[in-house]
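Q: Provided below for reference: sequence and predicted model.
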Amino acid sequence: MPAVITPFDDALKSCNLYPLRAAGVATLQVNVGKKCNQACHHCHVEAGPNRAEMMDDAVMERCLRLLKEERIPVLDITGGAPEMHPRYRDFVERARGMGAAVMTRCNLTILREPGMQDLPAFWKSHNVIVVASLPYFRREETDAVRGKGVFEKSIEAVKRLNATGFGVGGSGLTLNLVYNPAGAFLPAPQEALERQFRAELTKSHGIAFNRLLALTNMPIARFKDYLNRKNAHDSYLGRLAGAFNPVAAENVMCRSMISIGWDGFLFDCDFNQMLNLRVNHGAPFHINDWDQGVLAGRQIVTGPHCYGCTAGQGSSCGGEIS
Amino acid sequence: METYYNPADLDKFGDMGKDAPELWNAFMQWYGKVFQEGALTEREKALIALAVAHAVQCPYCIDAYTKSCLEKGSNTGQMTEAIHVAAAIKGGAAMVHGVQMRNAAEKISF
């Protein structure tokens, strides 16, 4: 019998957070396309080498105009593997030229692909913040999540980033790693996990990083298929709902960012984007109709998957949130 | 098929509060504090709990502390080593009792 899950909005009501509203737009998270050199089990984007969706010039130009005109301080570039977008470097350069901090989501193995070897130097020259996926400090778990051989390639990539200065103390170049659980369980507390990662990665591989961000696996897309195959969807969602944390709910990332899809549609977060739940409740839902005043205070579109961001210590694209 | 151990029974653990709520509340308060970070981390305590669960062969505890260990950041390598510790102590305990066998035999032997 399926577990009865309290509707997410009722959980918000229980801590006086309903309706959940944005409190500004501090980050523009831009998904430039779904093409990726990997096809990971947990990927909520269902990205892969055969995905053709790519942001066109008009939408990219509109994103850049927004950064400039609305003075949005942070550009968070994601995909797919965003580096595979033909205008990726131009996008980064121009956003940095406008004074925005640029964060790039990197799967690490992309650095081995043809034409990508100089990415660390490019990132260094523009002082880009690199946020790189490394699901665990052991081969077994990492390869189980991201595919056979990915751990070795990832370690090699981190070494190259370290050699360029990323993650190395005093360099001013930031390399944050991203952990996500290798299965249907919640992430460990971020700080404790970071200590473990740092100790193990230093000891076994001599590599360095700045911060570890612990992310919860979202029960959507490919990971939802996995949960259904394991007959574990309801128990996982129950686990997330049972660990609802009002402090995490208050600090969810959707309150301070907007996610822009490759085709210019607007979403409250990357997960809503993958569920095609556009910005709603009267706010414009395409970049061409951007209205900063309305979007900055919009009501967030919620669903059961939102428990993924509010369980335990909480989860966001920036890691733990409470 | 009915069995004495049913996974769904784990969720009924709280039923043990019926008829003896004060004792249950005291137990739960103590239990919660035991697993909080102290001289040992929560992760280390979960590994100990997993090992003990195997020593006492409690399927409920094995289920619960497998999840707990993973959620505290342990991996199956560390968890397997913890179970080896439990097995070594169980095996060692059996073996060291062999001394009692030798003592008993000595008492009645030429």
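A: Good, I have the coordinates.
Q: When you work out contacts or count neighbours from here on, use the C-alpha atoms and nothing else.
A: OK.
Q: can you pull the contacts of B:V34?
A: Listed by CA atoms under 8 Å, 6 or more residues apart in numbering or on different chains, B:V34 has no contact partners.
Q: how about a cut-off of 10 Å?
A: Residues in contact with B:V34, defined by CA atoms under 10 Å, 6 or more residues apart in numbering or on different chains, are B:M28, B:E42, B:K45.
Q: for the one helix or strand B:A88 maps to, which positions count as buried?
A: Using DSSP states H and E, B:A88 maps to helix B:76-96. Buried residues in helix B:76-96, counting neighbours by 16 or more other CA atoms under 10 Å in any protein chain shown, are found at B:M79, B:A82, B:I83, B:V85, B:A86, B:A87.
Q: And the next helix or strand past that helix?
A: Following helix B:76-96 in sequence order, the next helix or strand is helix B:98-107 (DSSP H and E).
Q: quick check, distance from that following helix to the centre of its chain.
A: A distance of 30 Å separates the centroid of the chain from that of helix B:98-107, by CA atoms, centre = their mean, to the nearest Å.
Q: Now do it and helix B:76-96, the angle between them.
A: Interaxial angle of helix B:98-107 relative to helix B:76-96 (axes from the mean of the first three to the mean of the last three CA atoms, to 10 degrees): 10 degrees.
Q: I'd like to know which elements helix B:98-107 is packed against.
A: Applying 3 or more CA pairs under 10 Å, 6 or more residues apart in numbering or on different chains; DSSP states H and E, one finds that helix B:98-107 contacts no other helix or strand.
Q: tell me the mean pLDDT for it?
A: Helix B:98-107 carries an average pLDDT of 96.
Q: Same question for stretch B:60-69.
A: pLDDT averaged over stretch B:60-69 gives 95.
Q: Widest-spaced pair of the buried residues of helix B:76-96?
A: By the measure CA to CA, B:M79 and B:A87 form the most distant pair in the buried residues of helix B:76-96, at 12.4 Å.
Q: overlap in contacts of these two?
A: Residues touching both B:M79 and B:A87 (CA under 10 Å, 6+ apart): B:A51.
Q: mind checking the SS state of the closest residue to chain B within the stretch 51-200 of chain A?
A: Nearest residue of the stretch 51-200 of chain A to chain B, counting by CA to the nearest CA: A:A188, 4.3 Å away. Under DSSP: H, G, I helix; E, B strand; the rest coil, A:A188 falls in the coil class.
Q: Could you tell me the phi and psi values at A:V247?
A: Dihedral pair for A:V247: phi -70, psi -40, per degrees, to the nearest 10.
Q: pretty sure it contacts A:G312?
A: Yes - between A:V247 and A:G312 a contact is recorded at 9.5 Å, counting by CA atoms under 10 Å.
Q: ok, these two, which is more surrounded?
A: A:G312 (26 against 16; other CA atoms under 10 Å in any protein chain shown).
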